[in-house]
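Undergrad: Sequence first, then the predicted structure:
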Amino acid sequence: MRINSSVKTEIGRSEINLNPYNPKEHSEDAIKLQAKNIRKNGFLGGIVWNSRTHNLIDGHRRVLAMDYINKYDGTKEKEYRLMVEVVDYDEKTELEQLTYMAAGGTKADLTKIGSYLDRIDSTWMTDDDLSYIEELRESTEHADMTDLTDMFIKKRDGEKKGRISKEEKKALQKDRGKRMDDRMNELRRHILIELDSDDALVEFCDAIGIRPEYDLIVKGEDILKLIG
C-alpha cells in the first residue's frame, strides 16, 4: 500500500499563515520558553504547512518562537526562512488534520517525567508543572491516579503560584532527587510474596499469625523469627 507523505522544503516566513482555526492557544511565556529551547538545542523541525492555503497545520508555537528570535514583524527586512513539511490539502482535510494534531496526540505521562526529573535540568519548566509532577509522584502509591490527575489539574488551573528563582528551583530539584533516592532505597527493602490460591493465603497467614483482611504489611523480621 502506498502511503502519501509530506515533502520537506524551505520557504520564506511571509508565505506562512497562522491558521485562524488553530484550537491551541500559546501564551507569551510558552512562546519564550520554546524560543529558549530552540536557542539551546536548535530548531528540530516538524512544521506542517498546507501549500494550497498557506495555512499552518502543526507547529504554531515553534513558528511564533522563531518569530520572537528573529524579531519578525511581517516586513521584508525581518524576513527569514523555515524548513517545513509541505502537504496539499483541501479545506476539509486541513481542518481535520489540524484538529487531529491539536487534540489527537498522546498526552505526556507526568508521573514518568517525575521518575527521572532529578536527572535533568528542569529549571525551564513552570512552577505549576513542577509542583503538579511532584504532587503526582508523592501520591502515586496512595490514590487512584485517574481521580488524582483530575483533582490536580483543577488545582493547577485554578491557582496562580508565585515565581521562584532559578537557585530555588535547583534546590527544590536537588531535594526531589534526594527524596526519590530515599524512596527507592526503601522500596529495595520490600519483597512481594505471591500465593496461588485463597486457601494458600489463609494457611500462610495462620502460620505467621496475621489476619490478611487487616494486616497488609508484615515485618520481615517477624517472619525470620518464625523460621529461624
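TA: Sure, I can see it. Numbering: from 1, shown residues only.

Undergrad: Pull the residues that contact the helix or strand where Trp49 lies.
TA: Trp49 belongs to strand 48-50 when assigned by DSSP states H and E. With contacts defined as CB atoms under 8 Å, 6 or more residues apart in numbering, strand 48-50 is touched by 6, 11, 16, 55-59, 84-89, 94, 97, 101. Where you see a C-beta, it was placed from the backbone N, CA and C, and this is true even at glycine.

Undergrad: run the last query once more with 7 Å
TA: With contact meaning CB atoms under 7 Å, 6 or more residues apart in numbering, strand 48-50 is reached by 6, 16, 56-59, 84-87, 89, 94.

Undergrad: Looking at those, which is nearest Ile223?
TA: Asp58 (57.0 Å; CB to CB).

Undergrad: what sits against that closest one?
TA: Going by CB under 7 Å, 6+ apart, Asp58 touches 46, 48, 101.

Undergrad: And those residues, which of them are buried?
TA: Applying 16 or more other CB atoms under 10 Å to the contacts of Asp58, the neighbour count classes 48, 101 as buried.

Undergrad: follow-up on the earlier one: which of the contacts of strand 48-50 lies closest to Ile38?
TA: Closest approach to Ile38 among those (CB to CB): Gly59, at 11.9 Å.

Undergrad: For that closest one, which non-adjacent residue is spatially closest?
TA: Nearest non-adjacent residue to Gly59, counting by CB to CB, 6 or more residues apart in numbering: Ile47, 3.6 Å away.

Undergrad: Let me see the domain layout of the chain.
TA: Listed domain ranges for the chain are 7-103, 110-188, 198-227 (source: automatic domain parsing).

Undergrad: ok, and for the last one, which residues are buried?
TA: Residues of domain 198-227 classed as buried: 205, 210 (neighbour count, 16+ other CB under 10 Å).

Undergrad: my guess is the residue nearest to Gly59 contacts Arg61, does it?
TA: No - Ile47 sits out of contact with Arg61 when judged by CB atoms under 7 Å, with a separation of 10.3 Å.

Undergrad: the more surrounded of the two?
TA: More neighbours surround Ile47 than the other of Ile47 and Arg61, with 22 against 18 (other CB atoms under 10 Å).

Undergrad: Contacts only, for the more buried one.
TA: Counting by CB under 7 Å, 6+ apart, the residues that Ile47 touches are 59, 62-63, 82, 84-85.

Undergrad: Among those, which one has the most neighbours?
TA: With neighbours taken as other CB under 10 Å, the top of those is Val84, carrying 26 neighbours.

Undergrad: After whichever strand or helix holds that one, which helix or strand is next? Please name it.
TA: Taking DSSP H and E as the definition, Val84 sits inside strand 81-87. Sequence-wise, the next helix or strand downstream of strand 81-87 (DSSP H and E) is helix 91-103.

Undergrad: model confidence over the strand holding Val84, on average?
TA: The average of the pLDDT scores along strand 81-87 is 96.
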